[in-house]
Each structure stands twice: as C-alpha cells, then as structure tokens.
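this is a predicted model, with the sequence first.
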Amino acid sequence: MAEPARERDVAFNRRARYEYHIEETVEGGLVLTGTEVKALRAGRASLAEAFARVERGEVWLHAMHIPPYEAGSVFNHNPLRSRKVLLHRSEINRLLGKAQQKGYTLIPLRLYFRRGVAKIELAVARGKKAYDKREAIAKREAQRQIEKAVKRGPRGSDRR
C-alpha cells in the first residue's frame, strides 16, 4: 500500500479568514533558492503581509518574508523578493478572471511541504467590511459563552 502524502506546515496566514471572505483555494508549487528552502525547513517564514498577482501570464507571490538562513554566507537570498508560483495554465486563467473582479484579491493561506516539495495554498478572497468583522467577533463570543455554560453544567447557574 502507498503511504499517504505527509504534509508539514511551515507558516499560516492567521488573519486571512478574519480579514477576507474566502471564495476558492488552489495549491501551487514555489520556485525557491537553496537558502530559502533551508530557512523554510527550519520553520521560519511569514505570510502576514503577502499577496499574489498574475503578471504576464504567471503568478507571483509578493511580500512573503523568509528570513536569511544563518549558515548561508554570501549566497543568502533577499528576504522579501518576489517568488514565482507554479500552477497549470487553466488554473492561472481561472484565478486571473476571478481576481480581476472588483474587490477580489489573491492571498496565501498557508505554506507547507508535501513529499519534500514546498507548496503554497492560495485563495481568491474578497475583503470583509467592518460590520462583517464585528459580526464574526460576536458569533465567536456567543460560542464561548455557550461552551462555558455547557462546561459549568446544569447546576452552574444555581450557585449564589
């Protein structure tokens, strides 16, 4: 039997689901230099400010921070350089069509290794309005209150 594909997460974009409505996701490979791969294997990367664009028929990831590898010497990479994302032509065309609509953007959700290859999960997303964010916070708070009441049990409310 074949062994299931193991994934090892390197970085998450934690604010993405808070800041955006996620419409669709797609997985792509990354074109990296050697010191970037070493830094990623050490678990060092940030997707906080990162975004993707379709430029000249190719998808490029901008503003993803991969800190320099400590043992990299003069061959180290620029931490904020643009990196090419490897996708099929049909995926690029679909993303381009959706991302060109008003209010939509391409954002990375997570960076991980699958079978030793660096992968990025991109999402077509639409920015949330302030009232959407407040609504999400209110739902989360209500859920916490419910969980707290359930944890306390039926006698928890009778205490004086």
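It's in. Residues are numbered from 1 along each chain as shown.

from the centroid of the chain, which residue is nearest?
With distances taken as C-alpha atoms, centre = their mean, the residue of the chain nearest its centroid is Leu109 (1.4 Å).

which element is it on?
Taking DSSP states H and E as the definition, Leu109 sits inside strand 104-114.

paired strands for the helix or strand that that strand is followed by, with orientation please.
Tracing the chain C-terminally past strand 104-114 and defining elements by DSSP H and E, one meets strand 117-127 next. Taking DSSP bridges as the criterion, strand 117-127 sits next to strand 20-30 (antiparallel), strand 104-114 (antiparallel) in its sheet.

give the next helix or strand downstream of the first one.
Along the chain past strand 20-30, the next helix or strand (assigned with DSSP H and E) turns out to be helix 34-41.

can you name the residues in contact with the following helix or strand past that next one?
Beyond helix 34-41 on the C-terminal side, the first helix or strand identified by DSSP H and E is strand 51-55. When contacts are taken as C-beta atoms under 8 Å, 6 or more residues apart in numbering, the neighbours of strand 51-55 outside the stretch itself are 59-63, 85, 92, 95-96, 99, 105-108, 122. C-betas here are computed from N, CA, C, even on glycine.

ok, stretch 25-44 next?
Residues lying outside stretch 25-44 but in contact with it, judged by C-beta under 8 Å, 6+ apart, are 10, 45, 59, 61, 66-69, 71-72, 75-77, 83-87, 91, 95, 109, 111, 113, 117-124.

got the angle between the helix ranked longest in the chain and strand 20-30?
Looking across the chain with DSSP state H, the single longest helix is helix 130-152. Between helix 130-152 and strand 20-30, the angle formed by their directions is 90 degrees, by axes from the mean of the first three to the mean of the last three C-alpha atoms, to 10 degrees.

avg pLDDT for helix 130-152?
Helix 130-152 shows a mean pLDDT of 86 in the predicted model.

what packs against it?
Using 3 or more C-beta pairs under 8 Å, 6 or more residues apart in numbering; DSSP states H and E as the contact definition, the elements that helix 130-152 packs against are helix 16-19.

report the buried residues of the helix it packs on.
Neighbour counts using 16 or more other C-beta atoms under 10 Å place Ala16 of helix 16-19 among the buried residues.

show me what it is packed up against.
Taking 3+ C-beta pairs under 8 Å, 6+ apart as contact, the helices and strands that helix 16-19 lies on are strand 104-114, strand 117-127, helix 130-152.
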